[in-house]
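>>> Please work out how this folds:
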Amino acid sequence: MTGHLTSKSDVYSFGVVLLEVLTGRRSMDKKRPSGEQNLVAWARPYLADKRKLYQLADPRLELNYSLKGVQKVSQLAYNCLSRDPKSRPTMDEIVKVLTPLQDLNDLAILSYHSRLSQQGRRKKRPDGTQHHLTSAQHKSIRDSPLNTGKQRCR
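Predicted structure coming up:
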């Protein structure tokens with residue numbers, strides 16, 4: 001670190017913002033356990049392993065996000081946070097990665113509720129009813145910052 005502000009240091013900062021959005025955590029949080037206080041240091045191992053990416057997603061989203069979007073944004077954050085400034089993408093490259101993500105509609109919540117619905121057809125509740133989304137769940141899906149507006153709630 002040189003201490004000089006450059007376009008590449010801006011990209012690093014943007015990577016931190018991406019992590020904050022993905023995780024719902026602050027970049028520095030002294031209230032967390034010692035290994036989790038620095039968001040970038042905590043997240044790097046998860047960003048480097050696709051099998052662990054789901055552990056980054058803010059649990060308050062309750063699977064209400066695009067799986068493909070999380071993968072793409074996680075990879076972008078990883079690239080932005082490269083220790084070598086020359087390896088970081090330009091802002092133009094970042095925009096090219098983020099722009100198509102607006103159109104994603106593979107929300108994890110849909111597959112989750114689809115599974116619940118299928119289970120409900122096979123196994124009804126003791127009162128004979130099936131699982132339906134509550135109005136709070138509908139609102140959570142509709143208002144999510146990762147919501148593309150393309151899914152349909154039943």
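>>> What does the pLDDT read for Ser117?
The confidence metric pLDDT takes the value 46 at Ser117.
>>> ignore the last one, Leu101
Per-residue confidence for Leu101 comes out at a pLDDT of 84.
>>> Leu110 now?
Among the per-residue scores, Leu110 holds a pLDDT of 44.
>>> same check, this time on the one 10 residues further on
Gly120 carries a pLDDT score of 46 in this model.
>>> Next SSE downstream of the longest helix along the chain?
For the chain, the helix reaching the highest residue count under DSSP state H is reported as helix 7-23. Proceeding N to C from helix 7-23, the next assigned helix or strand is helix 39-47, under DSSP states H and E.
>>> after that following helix comes which helix or strand?
Toward the C-terminus, helix 39-47 is succeeded by helix 67-80 as the next helix or strand (DSSP H and E).
>>> got a list of contacts for that next one?
If you take C-beta atoms under 8 Å, 6 or more residues apart in numbering as the criterion, helix 67-80 is touched by 11-12, 14-15, 18-19, 21-22, 43-44, 46-48, 50, 53-54, 56-57, 87-89, 94, 97-98, 101, 104, 106, 108, 146. Any C-beta I mention is one placed from the backbone N, CA and C, and that applies to glycine too.
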